[in-house]
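> curious how this folds, go ahead:
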Amino acid sequence: MEFLKLVRRRSFLSEVVYTVLNIGLAIAIVVVIRYTESIPLALGLVLISKWRVLAVRARYWFVNIRSNLVDLIVSTSVVIGLYTINIAQIDDFRKLLLMGIATLLYILWLLVLKPRSKRSYVVAQAGVAIFLGVATLFTISYNWPASLVVIAMWLIGYSAANHVLNTYDDETHTLFLSLAWGVVMAEIGWIAYHWTIAYSMPFITSLFVPQVAIISILVGFVAHKAYDSFYHHQKIRTSDIILPLLFTLSIIAVLIFVFNRVGTAI
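Okay, here's the model as predicted:
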């Protein structure tokens, strides 16, 4: 009994330490961005928090790095997003409010969503990575060469697909489908590089959400539903994908034919 009490006490203590460190990381990042405006320093904090990735034998580094790519994409997007808010042409009250909201959402990511391993949560993690990663990429890449944007989109797509497919017992197709989805995302990125529309956020017209981020997550949603149907039934059943497909096509149609009139080309 004493041993069980000791184990529980250690488990509780480890949970407290884990929570405190993650909250401390989020606060440290926002403080660095606010007072130094140094993206490399903030990203350095993110990398330091990932020390356990390399705290194993070298042959496991690639596997650990690959499994942490989704979190790295989200964390990098948060850092750049905080920097974008910090330099935005808005008053300090709204700037601090937005940075506070972004920090709170990042803490929720670190403590609530990221640790979950149930498939529905993993899919949500991949969706967050796609949306934030693509939105951040097209916010900062307006003067990049097209090749870098395409490579970055491929990496986002590969990371998200691999993250989700690893929850299925289908090792044969995981690598191929992850690489294939990376190619699909790369093609979307190439098209969006030449024709990008962004929508200003309500009440904060100096901050924009690229249209391609919304389209990417919608297409990814349909792709996941199609694979999930194939995995469980050895074929893609129309009944499983018709509603997600109609929903996605409807949203994309509205974005292209209606909201493009109020969007801003970048």
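> packing partners of the longest helix along the chain?
Using DSSP state H to define each element, the chain has its longest helix at helix 2-36. Packing partners of helix 2-36 (3 or more C-beta pairs under 8 Å, 6 or more residues apart in numbering; DSSP states H and E): helix 39-48, helix 69-87, helix 92-108. Using the backbone N, CA and C atoms, a C-beta is placed for each residue, glycine as well.
> these into CSV, with extra columns for distance to Gln125 and mean pLDDT?
What follows is the helices and strands packed on helix 2-36, written out as CSV (distance: least, C-beta to C-beta, whole Å; pLDDT from 0 to 100):
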stretch, distance to Gln125, mean pLDDT
helix 39-48, 16, 94
helix 69-87, 6, 95
helix 92-108, 12, 93
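> quick check: which of the ones you listed is nearest to Ala152?
When those are compared by C-beta to C-beta, helix 69-87 sits nearest Ala152, at 9.7 Å.
> related to what we said a few turns ago, if you average pLDDT over the longest helix of the chain, what comes out?
Here helix 2-36 scores 79 as its mean pLDDT.
> buried residues in that helix?
For helix 2-36, a neighbour-count test (16 or more other C-beta atoms under 10 Å) marks Asn22, Leu25, Ala26, Ala28, Ile29, Val30, Val32, Ile33 as buried.
> that one: how far from the chain's middle?
From the chain centre to the centre of helix 2-36 is a distance of 22 Å (C-alpha atoms, centre = their mean, to the nearest Å).
> same check, this time on stretch 32-48
Counting by C-alpha atoms, centre = their mean, stretch 32-48 comes out at 19 Å from the chain centroid.
> now do the same end-to-end measure for that stretch.
14 Å (C-alpha to C-alpha, to the nearest Å).
> domain ranges for this protein?
The chain breaks down into these domains under automatic domain parsing: 1-115, 118-266.
> that older thread, return the most buried member of the helices and strands packed on helix 2-36.
helix 69-87 (a mean of 21; mean count of other C-beta atoms under 10 Å).
> same for that one, what does it pack against?
Against helix 69-87 (3+ C-beta pairs under 8 Å, 6+ apart) you get helix 2-36, helix 39-48, helix 92-108, helix 119-140, helix 146-165.
> ramachandran coordinates for Ser38?
For Ser38, the backbone dihedrals are phi -100, psi 100 (criterion: degrees, to the nearest 10).
> that one reaches Val31, doesn't it?
No. Ser38 lies out of contact with Val31 (C-beta atoms under 8 Å); the separation is 11.0 Å.
> what about the helices in the stretch 151-266 of the chain?
Taking DSSP state H, counting those that start in this stretch as the test, the helices found in the stretch 151-266 of the chain are 171-194, 211-233, 238-257.
> how far does the second one sit from the chain's center?
In this case it means helix 211-233. The answer for helix 211-233 is 15 Å, by C-alpha atoms, centre = their mean.
> list the contacts of that helix.
Helix 211-233 is contacted by residues 123, 126-127, 130-132, 134-135, 138, 160, 164-165, 168, 170, 177, 181, 184-185, 188-189, 192, 196-199, 235-237, 240-241, 244-245, 247-248, 251-252, 255, 259-260, 263 when judged by C-beta atoms under 8 Å, 6 or more residues apart in numbering.
> could you redo the last one with a cut-off of 6 Å?
For helix 211-233, the external contacting residues (C-beta atoms under 6 Å, 6 or more residues apart in numbering) are 127, 130-131, 134-135, 138, 168, 188, 192, 197, 236-237, 240-241, 244-245, 248, 251-252, 255.
> buried subset of those?
For those, buried by 16+ other C-beta under 10 Å: 127, 130-131, 134-135, 138, 188, 192, 197, 240-241, 244-245, 248, 255.
> ok, these vs Leu43, which is closest?
For the buried ones among the contacts of helix 211-233, the nearest to Leu43 is Ala135 (17.4 Å; C-beta to C-beta).
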